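Peer 1: this is the structure alone, sequence omitted:
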Ligand code: TXA
Ligand code: MG
């Protein structure tokens with residue numbers, strides 16, 4: 001058991017923030033594992049050059065070691081130390097989207113990062129988080145910080161410090177608590193195809209439509225939606241992530257048919273004595289009668305839905321839901337990331353009605 005410190009950030013001025021983060025930054029620099037907020041989800045950080053420290057991330061999370069970690073930086077100047085020369089398109093994307101929820105896979109400079117960070121690949125995913133507390137912590141620690149989401153492997157990513165503690169209390173050195181994260185889903189991960197194109201390996205806060213402004217042929221990797229025949233391009237794609245403890249099924253189709261199908265399933269499950277859950281949009285929330293009914297807000301405001309998703313999945317666990325049904329949403333904009341996470345949480349069980 002490790003004692004997990006909690007540092008609550010009170011959002012005063014920059015000097016005050018530096019003081020509040022001093023101990024966390026110090027521990028990070030000295031090989032500790034510290035959870036911190038970003039604009040996407042809470043990350044579990046360690047010095048990306050320190051193998052013993054990075055190893056503790058994998059142990060705390062119970063994460064498979066062939067799944068590489070994203071490296072977080074606070075300043076563009078840190079890049080040259082970490083990666084080999086990259087195409088102009090990557091620099092343009094950084095100009096446009098950093099700081100922000102875009103992870104760019106770049107050729108790694110050999111010998112700098114712990115091999116555990118890259119999981120033996122010749123590339124590394126890098127991002128600059130758009131969060132004042134995260135940036136201040138990274139600057140103060142003065143090292144590149146490897147940080148996966150701060151959850152136990154297979155659990156929904158944390159959007160509150162309380163979620164981090166639920167999963168990792170006693171397993172990590174500390175958590176910087178700065179309230180709820182912004183986007184609520186992890187960053188978009190992309191790789192470049194040649195010098196001019198972009199392939200999305202994981203949809204996220206920076207949408208396909210936004211990336212197509214920079215590279216019109218940008219597309220979502222087919223491996224995300226289809227069963228991979230070869231090794232997936234992003235190792236994280238092969239794991240069932242974000243799974244709630246109950247069995248989740250997504251239901252897609254005409255909204256009246258969706259309501260009828262879900263309610264019939266819920267009624268039948270309850271008759272069998274099962275504890276049920278429904279995840280629905282505000283527009284139809286009142287139509288369901290189930291042990292738990294949780295709202296993702298309006299289906300016309302998917303940014304807000306993205307923000308609510310992981311907390312809702314955790315709430316079903318808390319309620320002991322054994323069978324859960326969820327409505328689907330549009331795959332435009334942030335909807336692509338939302339449906340991607342829902343499909344993963346459901347182990348790809350999608351019913352068309
Ligand atoms: O928003 C986020 O990205 C959060 C916060 C904490 O920054 N971090 C996060 O990290 O989601 P993680 O480790 O849970 O997800 C990393 C994803 C995985 O799907 C992994 O396979 C992919 O990025 N990835 C990392 N390095 C890669 C590489 N070199 N090539 C391809 N995919 C890579
Ligand atoms: Mg994760």
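Peer 2: Noted; the coordinates are in hand. Quick caveat, the model's predicted, so the values are computed rather than measured. Ligands and ions are numbered 1, 2, ... in the order given.
Peer 1: what parts of the chain come near ligand 1?
Peer 2: Contacts of the chain with ligand 1, taken as CB under 6 Å from any ligand atom, map to 38, 40-41, 43, 67-70, 101, 103, 105, 121, 123-125, 129, 147-149, 186-187, 189, 201-202, 234-236. All C-beta atoms are positioned from the backbone trio N, CA, C, and that covers glycine.
Peer 1: how does it look with 5 Å?
Peer 2: Residues of the chain lying close to ligand 1 by CB under 5 Å from any ligand atom are 38, 40, 43, 68, 70, 105, 121, 123, 125, 147-149, 186-187, 189, 234-236.
Peer 1: filter those down to the ones in strands?
Peer 2: Using DSSP state E, the members of these that fall in strands are 43, 70, 105, 123, 125, 189.
Peer 1: most neighbours out of those residues, which is it?
Peer 2: Using other CB atoms under 10 Å as the neighbour definition, these reach their maximum at residue 43, which records 30 neighbours.
Peer 1: return the residues in contact with the residue nearest to that residue when sequence neighbours are not counted.
Peer 2: Here the nearest residue to residue 43 in space, its sequence neighbours aside, is residue 147; by CB to CB, 6 or more residues apart in numbering that works out to 3.3 Å. Remark: with contacts taken as CB atoms under 8 Å, 6 or more residues apart in numbering, residue 147 is in contact with 36, 38, 43, 44, 45, 46, 57, 69, 70, 71, 72.
Peer 1: now residue 147: how far from residue 72?
Peer 2: Taken as CB to CB, to the nearest Å, the spacing of residue 147 relative to residue 72 amounts to 5 Å.
Peer 1: before we move on, what about residue 102?
Peer 2: Going from residue 102 to residue 72 by CB to CB gives 12 Å.
Peer 1: any shared contact partners between these two?
Peer 2: Taking CB under 8 Å, 6+ apart as the contact definition, residue 102 and residue 72 share the neighbouring residues residue 127.
Peer 1: these two - which one has more neighbours?
Peer 2: Set side by side, residue 102 and residue 72 show unequal neighbour counts under other CB under 10 Å, the larger going to residue 72 at 28 against 23.
Peer 1: list the beta-bridge partners for that one.
Peer 2: Legend: beta-bridge partners of residue 72 under DSSP bridges are residue 127, residue 145.
Peer 1: re earlier: could I get the ones in strands among the residues of the chain next to ligand 1 as a markdown table with pLDDT?
Peer 2: Rendered in a markdown table, the data for these read as follows (pLDDT from 0 to 100):
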| residue | pLDDT |
| --- | --- |
| 43 | 98 |
| 70 | 98 |
| 105 | 98 |
| 123 | 97 |
| 125 | 98 |
| 189 | 98 |
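Peer 1: determine which two of those residues are furthest apart.
Peer 2: For those, the maximum inter-member distance is 19.5 Å, found between 43 and 123 (CB to CB).
Peer 1: number of nearby residues for residue 19?
Peer 2: By other CB under 10 Å, 10 other residues sit near residue 19.
Peer 1: separation between the most far-flung residue of the chain relative to its centre and ligand 1?
Peer 2: No residue in the chain sits farther from the centre than residue 271, which is 36.1 Å out by CA atoms, centre = their mean. The gap separating residue 271 from ligand 1 is 39 Å, by CB to the nearest ligand atom, to the nearest Å.
Peer 1: what's the answer for residue 182, then?
Peer 2: Computed with CB to the nearest ligand atom, the distance linking residue 182 and ligand 1 is 10 Å.
Peer 1: ok, the residue minimising distance to the centre of the chain to residue 285 distance?
Peer 2: Central residue of the chain (CA atoms, centre = their mean): residue 186, 2.6 Å from the mean position. Distance of residue 186 to residue 285, computed by CB to CB: 26 Å.
Peer 1: where does the stretch 201-350 of the chain have low pLDDT?
Peer 2: Of all residues in the stretch 201-350 of the chain, those with pLDDT under 70 make up the ranges 225-241.
Peer 1: make it 50
Peer 2: 226-230 (pLDDT under 50).
Peer 1: can you give me the strands in it?
Peer 2: 219-220, 247-252, 276-280, 292-295, 323-327, 350-352 (DSSP state E, counting those that start in this stretch).
Peer 1: okay, those strands in TSV with mean neighbour count and distance to residue 1 next?
Peer 2: Output for these, formatted as TSV (neighbours: other CB atoms under 10 Å; distance: least, CB to CB, whole Å):
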stretch	mean neighbour count	distance to residue 1
strand 219-220	17	42
strand 247-252	20	32
strand 276-280	27	33
strand 292-295	18	33
strand 323-327	26	33
strand 350-352	14	41
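Peer 1: give me the number of residues near the nearest residue to residue 108 once chain neighbours are set aside?
Peer 2: Leaving aside its sequence neighbours, residue 108 sits nearest to residue 124 (CB to CB, 6+ apart; 4.1 Å). Other residues lying near residue 124 total 26 when counted by other CB under 10 Å.
Peer 1: what does residue 119 give?
Peer 2: Applying other CB under 10 Å, we find 15 other residues in the vicinity of residue 119.
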